[in-house]
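[1] No sequence on hand, only this structure:
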């Protein structure tokens, strides 16, 4: 079971939508980027709106990037449903949803995915459409050139044969051509179909999305040590649940559980309590040491941990001990001598946001009025206070 789910999914309790969240933020012409929690709220609105991304502009939905994003989200949700609910006939439900969408699409009730193109005529930014080949061409010249190709001639002959059969059965036609269902000529049909199918998959997962949001918000408040301890708890609970009663537990299983993990290279432990792969260890540069003199010569393994420590309390305490603010100007500065030199340089350049202690420190008089230090001393000298 552990191989079916990622660490973020926690044996199917939560969703792992970080890749879809990144793909959504990378869409072109997006009004603003949203956080992961806001993205989960956006997906949860499907239950109320019955439409995915209702507020998203139409020009964004008609792009290739949006189609790629929606396909990735749909494939993940179907895969997650199959893994967490193996007895549910998800494929049968999707076939029924596709039939309903086909009927709505043919009746023209699905809007917002472009207009119906006309054969041989320019159809706006989509191009020129050929009903015989069932294909859209970007320019009129390309469309005219393909009319002489063998493929088009063969397709046109086949279409004429179908039209003749339709005449025999008195099937209504328009302009000498048999009417085609909308999905035959709309290049946005697949994106529209996926957006419709994803609603049926996403709606039953609304409680899981809510739990995922609560878990993400809770983890934001945890420290790194608390996260490590939390990652070890599921392993311990699954081991205890898998064990039989104390009288029936074999001695061999106890010996295997107590056996130490073989880790000769001293690799860091992953979310599952086992050493991470060596290639991942080299990829993140966890074997490279970064020393910070401001943090009392503390050593950080890996570039990511090194960059993260500049915003942690230990580095901020070291900067306060030097009498310096922990601002972006001192990022990547690890030596005390370099930090003092940079502070002196910034002071000479007139960076008032660092050395305005007189205006930043506040004083209070006997009546409870609050002044900055410079104003307070001036008023006191004049005898006003």
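    Alright, I've got the coordinates. Small disclaimer: the values here were computed from a predicted structure and weren't measured.

[2] Low-confidence bits of the stretch 201-350 of the chain, can you list those?
    Flagging of the stretch 201-350 of the chain using pLDDT under 70 yields the residue ranges 231-260, 350.

[3] how about the strands of it, start to end?
    Assigned by DSSP state E, counting those that start in this stretch, the strands in the stretch 201-350 of the chain fall at 289-292, 298-301.

[4] Residues touching the last one, excluding its own?
    Think strand 298-301. Defining contact as CB atoms under 8 Å, 6 or more residues apart in numbering, one finds that strand 298-301 is touched by 268, 286, 287, 288, 289, 290, 291, 292, 306, 309, 314. No exception for glycine: its C-beta is placed from N, CA and C like everyone else's.

[5] what's the distance between the residue lying closest to residue 284 once chain neighbours are set aside and residue 225?
    Residue nearest to residue 284 in three dimensions, not counting chain neighbours: residue 302, with 5.4 Å by CB to CB, 6 or more residues apart in numbering. As for residue 302, its distance to residue 225 is 17 Å (criterion: CB to CB, to the nearest Å).

[6] who's more crowded, the two?
    residue 302 (17 against 8; other CB atoms under 10 Å).

[7] about what we covered before: which among the contacts of strand 298-301 count as buried?
    286, 290, 292, 306, 309 (16 or more other CB atoms under 10 Å).

[8] rewinding a little: need the strands of the stretch 201-350 of the chain in JSON lines with distance to residue 94, can you?
    As requested, the strands of the stretch 201-350 of the chain are exported to JSON lines (distance: least, CB to CB, whole Å):
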{"stretch": "strand 289-292", "distance to residue 94": "50"}
{"stretch": "strand 298-301", "distance to residue 94": "47"}
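
[9] looking at this, residue 39 is in a helix?
    Yes - counting by DSSP: H, G, I helix; E, B strand; the rest coil, residue 39 is located in a helix.

[10] if we can go back for a sec, now the residue nearest to residue 284: how far from residue 310?
    Going from residue 302 to residue 310 by CB to CB gives 14 Å.

[11] right, and the strands of the stretch 201-350 of the chain - which one's nearest residue 12?
    Residue 12 lies closest, by CB to CB, to one member of the strands of the stretch 201-350 of the chain: strand 298-301, at 32.4 Å.

[12] what lines up beside that closest one in the sheet?
    strand 289-292 (antiparallel) (DSSP bridges).

[13] Which residues does the strand it pairs with contact?
    Identification of contacts with strand 289-292 by CB under 8 Å, 6+ apart yields 297-303, 305-306, 309, 315, 318, 334.

[14] Can you pick out the most distant pair from the buried ones among the contacts of strand 298-301?
    Checking the buried ones among the contacts of strand 298-301 with CB to CB, the most distant pair is 286 and 292, at 16.6 Å.

[15] how about the residue nearest to residue 284, phi and psi?
    Reported as degrees, to the nearest 10, the phi and psi values for residue 302 are phi 90, psi 150.

[16] Quick one: residues contacting it.
    284, 285, 286, 288, 290.

[17] Same question for residue 229.
    By CB under 8 Å, 6+ apart, no residues touch residue 229.

[18] quick one, strands of the stretch 1-150 of the chain?
    128-130, 135-137.

[19] what about the first one, average pLDDT?
    The predicted model gives strand 128-130 an average pLDDT of 69.

[20] likewise the last one?
    For strand 135-137, mean pLDDT rounds to 71.

[21] Can you find which helix in the protein contains the most residues?
    helix 64-84 (DSSP state H).

[22] which secondary structure elements does it contact?
    Counting contacts by 3 or more CB pairs under 8 Å, 6 or more residues apart in numbering; DSSP states H and E, helix 64-84 is packed against helix 18-25, helix 90-106, helix 189-202.

[23] quick check: angle from the first one to helix 64-84?
    In this case it means helix 18-25. Going by axes from the mean of the first three to the mean of the last three CA atoms, to 10 degrees, helix 18-25 is angled at 160 degrees with respect to helix 64-84.
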